[in-house]
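# mind folding the following:
(chains A and B)
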Amino acid sequence: ILNVEQSPQSLHVQEGDSTNFTCSFPSSNFYALHWYRWETAKSPEALFVMTLNGDEKKKGRISATLNTKEGYSYLYIKGSQPEDSATYLCAHSNFGNEKLTFGTGTRLTIIP
Amino acid sequence: NAGVTQTPKFQVLKTGQSMTLQCAQDMNHNSMYWYRQDPGMGLRLIYYSASEGTTDKGEVPNGYNVSRLNKREFSLRLESAAPSQTSVYFCASSEEGRVVALHFGNGTRLTVT
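This next block holds a predicted model:
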């Protein structure tokens, strides 16, 4: 993996269901992995910044895991709600914020 | 608390015209950034400023200049706009440090005809 790749590109989930998606990144020279939530017509908002292999972070119904050795992170949403509809961006850094590389995002739509 | 404020929200330019995108943050952050967002691509860094008085090129700096006017303000200037600069521009700021989240503005949608 040379760049940051997110899958799937888009996802429709029934309200109440749980879901997850993936961010893959270069496993060498890892420094940090960011997750952002981006609602239409708003600015991206930070969810998590992760640095340690095996780390798991949680914010309400949203959680994320990190595997730096194999170069992936999962974002989980439990019991999806309509307000979870957004594009979820991940970004990888091998140094600091000036070296952040963003993925193209996973666009999540929650179906009421 | 306004966070990161960008102006204008929308702008249409003709090829060759110039303009400045303004960005201000009220969080006392040292670092500020300018990104562009194009369809099918991730956010790409144009320029950043690690502290007042310093600026550095990012991934896609050609055709742009920046000014870190003071700790609060970081402007992006297009001297001679080109259609390839049609994009959505985001300003962001962060606290000092290498493992800190970015705080984004709402974006400026620029169209160059």
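# B:L110 bridge partners, please.
B:Q11, B:S87 (DSSP bridges).
# count of neighbours near it?
For B:L110, the neighbour count with other Cβ atoms under 10 Å in any protein chain shown is 20. Where C-beta positions appear, they are placed from N, C-alpha and C, glycine not excepted.
# list the contacts of it.
Remark: with contacts taken as Cβ atoms under 8 Å, 6 or more residues apart in numbering or on different chains, B:L110 is in contact with B:10-13, B:19, B:21, B:78, B:81, B:85-89.
# does chain B have contacts with the lowest-mean-pLDDT helix or strand in chain A?
Lowest on mean pLDDT, DSSP states H and E among the helices and strands of chain A sits strand A:100-102, with a mean of 93. Yes - Strand A:100-102 comes into contact with chain B (Cβ under 8 Å from any Cβ of the partner chain), by way of A:L100, A:T101, A:F102.
# out of the contacts of B:L110, which one sits closest to chain A?
B:V88 (10.9 Å; Cβ to the nearest Cβ).
# out of everything not next to it in sequence, what's closest to that closest one?
Among residues not flanking B:V88 along the chain, B:Q37 sits closest, at 4.4 Å (Cβ to Cβ, 6 or more residues apart in numbering or on different chains).
# from B:E96, how far out is the one you found?
From B:Q37 across to B:E96, the span is 25 Å (Cβ to Cβ, to the nearest Å).
# same question for A:A64.
In terms of Cβ to Cβ, A:A64 sits 24 Å off from B:E96.
# and if you look at A:T106?
Taking Cβ to Cβ, one finds A:T106 at 30 Å from B:E96.
# pick out whichever of those two has more residues nearby.
Taking neighbours as other Cβ under 10 Å, A:T106 and B:E96 compare with A:T106 leading, 22 against 10.
# what sits closest to the more buried one if chain neighbours are left out?
That would be A:F21: by Cβ to Cβ, 6+ apart, it lies 4.4 Å from A:T106.
# so who does the one you found touch?
Taking Cβ under 8 Å, 6+ apart as the test, what A:F21 contacts is A:Q6, A:S7, A:P8, A:L11, A:Y74, A:L75, A:Y88, A:T106, A:L108.
# give me the pLDDT value at it.
For A:F21, the pLDDT comes out at 95.
# got the residues of chain A near chain B?
Residues of chain A lying near chain B (Cβ under 8 Å from any Cβ): A:4, A:31-32, A:34, A:36, A:41-46, A:49, A:51, A:89, A:91, A:93, A:95-98, A:100-105.
# for the chain, what spans make up the strands?
Just so you know, I chose chain A. A:5-7, A:10-14, A:19-24, A:32-38, A:45-50, A:56-59, A:62-67, A:72-77, A:86-93, A:100-102, A:106-111 (DSSP state E).
# please go with chain B instead
Secondary structure of chain B (DSSP E): strands at B:4-7, B:10-13, B:19-25, B:31-37, B:44-49, B:56-57, B:64-68, B:74-78, B:87-94, B:103-104, B:108-112.
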